[in-house]
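Undergrad: Predicted structure and sequence below. I'll ask about it afterward.
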Amino acid sequence: MGCNNSKPNATDGAVNDKHANGAEKKPVRKSAIPSEDRIECSSKTASAVFGGVKVRYAFLSQRGYYPDDDKKANQDAYSIRTNFCSSNAASSSENNDAFLAVYDGHGRYGDKCAIFAKNELPMLIERAVHRLVTRKRVLPGESPPATPSSLSLLTKEEFQAACKQAHLECNKMMHKVSTFDDDLSGTTAISVIFHGERSGEAQITVCNVGDSRAILGQKVDNSGSLKAIPLSLDQTPYRRDERRRIKKTGARILSLDQIEGLEPVVESDGEDEDFQLGETIDEGGDPPRVWAPKGEYPGTAFTRSLGDRVAEEFGVHAEPEMITRPLTSEDKIIAIASDGVFEFLTNQSVVDICAKFDDPLEACRAVVAESYELWLQYELRTDDITMICVFVDEIVGAEVESTILGKESFQGSSKSEGSLKSDFLPLEAEKPARSIMSKKALLELEHRKSLSCMNLSYDDHDDFDINEFSTPKSDDDKARISEAIKASVIFQDINDKERDMICSAMENISVKAGDWIIRQGEMGDKLYIAEEGRFEVRVLSNLAEDDGSGGTPVHVYFGSRSQHAHPTFGEIALRHHAPRQASVIALTDGQVWALHRCVFNRILLHHNARREVRQHLRKLRAFRGLTADELQKLVDNMEEKTYVSEKIIVNQGDIGNSFFYIVDGSCVMMSSETGAKGTSVTRKELNANDYFGEEMLLKKGPYEGTVKTVRETKLLMLTLTAIEENVGSLTEKIRHA
């Protein structure tokens, strides 16, 4: 059906037995495996004082969905220990220091490795602290100071030494355990320890082994918005320092496609290597891994781990990287999570989602649900996903000046390996959040398309009339749609024009419990945003015959206006013109917003074009001080200009205020220079994705050459006024970067 045809029915279900709203009504059978049994979480949010800080906290862990092994154990684990490192001088109830951690197991015995670390690591840290405190010298005739917490008796360096010792000891113990084999299995460990020093200053110490993360949501201005500050750095081959350390052992750093000969092997330690790895290899979900010099093992996508005995020979060790920093009144949220959260969500996205809620348990639910839903959309499976969320309500102890973490804040345990050197890649250049399907998932999608007997040909006209899809909206409707869009990750960085287009074309659909919103295997023409209600995702594995139930429940989408929860589903089939990969059935009465394929693809086309512009512009020196969000804001404010052939755009020597990026077409730049031997002229051709006027961005001219179009050319123009209004001074941004 082409875009110019009449509007289809409200949902994608079969044509028989429909309600007036267009949704199919059929009996809904409950599977023997309800999707809720995948979740373990706090019964309610807890309040406490941790290390001199009043906090509220909660946790949630959701077992992953694996089509070939639906009973696979959750390989994540977590620790929440209060009264941590209590001294012998007082009862433990007087000590409010706390240990919070997440462990992400991997390999055949990953679940056992994670549980082992959960049980042993906190106790090993406590024992190491106790040994250090016991050995500390006391002046003759003086007794050790009476204090509820042993941590207050140690310096930062002493406590970090104890943490290092405990992690290494836990690793050795795991190698020796007889109940499971850690040769090719192991776990990450990310911990945040709340403690106060003798001064009464509230502090945290973060220990990290692997690629799970801790992040901080910090208030940075009077607007109340929070900026994501990393408290840990992923230890993966994306990092230049870790990669070089691993290579010194003789190991190779290659992706799976490179191992299998599907991609060329490029050996380089140049300045641009991190960018190439982060932007190219991972775009297909194929990260760089650690391999033996002459064998196809161990294949770890991380460079530090507890366990993984075989990988230790190639530098994959258990030495933690640590920071100790004070907490201030600007520090509002701390999130500790396994890497399943960050596969598709950025640090800032996680903080933004958490900031929408007053309850950390609801924040956990929202982040884990969003992560899980993105896995379902972009992959054939989902990862196990675990998160601890802490809301910092009040600093009880002495407060220090606000601290923004920089590269120098991260302390390793040895200068040779553990320290993060000053030339470490920028925090923003870590492993990127993925935004497309993996190659394996795409192959499966193509297979589904080949098996479908339906017509997969779409006629998405560039000149379609959006008024065909527009419906009248009240101010309340527009506000609700806007809220739903803001809560959706796929629409987070759209601009005002794109947002208006979505609001205009959104269609509100009421559904009843038992309605099939999407049916697996059928072609769909709508994307959905849950406004209110519960909607269960069910999957038929390996195209099994449907007995009427829709398959195995793997997840529940939860839409709620009061809780700002508006998950999106149905996107992938629209992006790739493929049959639906799962069924979605309403468990309750509710409402969804529906966006037609034509509008969605138009927005996606425009959005992807702007994102490509951003990727090119971030290489410029003038934009190096900007965050990704700030640069995207500038790209969104670039004005489209079209010039006819042989049109002069700028003249050499003019003082201008605009920077230009070529979208389509071609230009020529002529630069003349007069010297002792006369005047020389330089000619430079400019094509799509080239730019000119960069000199305007930092020093306001003059233009270095005269630029004239060769044929009709479309450009994006960015003025200095737009820069100042949206992000401020680029010179100041670079100075403070």
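TA: That came in fine, so what should we check first?
Undergrad: switch to C-alpha atoms for all contacts and neighbour counts from now on
TA: Will do.
Undergrad: Give me the phi and psi for the closest residue to Arg534 other than its chain neighbours.
TA: Nearest residue to Arg534 in three dimensions, chain neighbours excluded: Phe558, at 4.7 Å (Cα to Cα, 6 or more residues apart in numbering). Main-chain dihedrals, Phe558, degrees, to the nearest 10: phi -120, psi 110.
Undergrad: Surely Phe558 is in contact with His564?
TA: No - in this structure Phe558 lies outside contact range of His564 using Cα atoms under 8 Å: 10.1 Å.
Undergrad: Which residue ranges of the stretch 51-200 of the chain form strands?
TA: Using DSSP state E, counting those that start in this stretch, the strands assigned to the stretch 51-200 of the chain run over residues 53-62, 76-81, 98-106, 186-187, 189-196.
Undergrad: which of those is buried the deepest?
TA: Of those, the one with the most neighbours on average (mean count of other Cα atoms under 10 Å) is strand 186-187, at a mean of 32.
Undergrad: Show me the contact partners of it.
TA: Outside of strand 186-187, the residues within contact range by Cα atoms under 8 Å, 6 or more residues apart in numbering are 103-107, 109-110, 113-114, 117, 210, 305-308.
Undergrad: of all those, which comes closest to Glu373?
TA: Minimum distance to Glu373 across these is 19.2 Å, recorded for Asp104 (Cα to Cα).
Undergrad: In the stretch 301-450 of the chain, where is pLDDT below threshold?
TA: Where the stretch 301-450 of the chain drops to pLDDT under 70, the residues are 397-450.
Undergrad: Next up, the contacts around the residue nearest to Arg534.
TA: If you count contacts by Cα under 8 Å, 6+ apart, Phe558 has them with 530, 532-535, 565-567.
Undergrad: Give me the pLDDT for it.
TA: Looking at Phe558, its pLDDT is 87.
Undergrad: Tell me how far it lies from Ala355.
TA: According to Cα to Cα, to the nearest Å, Phe558 and Ala355 sit 18 Å apart.
Undergrad: repeat for Tyr297
TA: Going from Tyr297 to Ala355 by Cα to Cα gives 42 Å.
Undergrad: Over to Gly548?
TA: Using Cα to Cα, we find Gly548 at a distance of 40 Å from Ala355.
Undergrad: So if I had to pick from the two, which one is more boxed in?
TA: Higher neighbour count among Gly548 and Ala355: Ala355, with 19 against 10, using other Cα atoms under 10 Å.
Undergrad: Using a markdown table, lay out the contacts of Phe558 together with secondary structure and pLDDT.
TA: What follows is the contacts of Phe558, written out as a markdown table (DSSP: H, G, I helix; E, B strand; the rest coil; pLDDT from 0 to 100):
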| residue | secondary structure | pLDDT |
| --- | --- | --- |
| Ala530 | strand | 90 |
| Glu532 | strand | 93 |
| Gly533 | strand | 95 |
| Arg534 | strand | 94 |
| Phe535 | strand | 94 |
| Ala565 | strand | 79 |
| His566 | coil | 82 |
| Pro567 | coil | 83 |
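Undergrad: Please identify which pair of the residues you listed lies farthest apart.
TA: Across these, the two lying at the largest distance from each other (Cα to Cα) are Phe535 and Ala565, at 12.6 Å.
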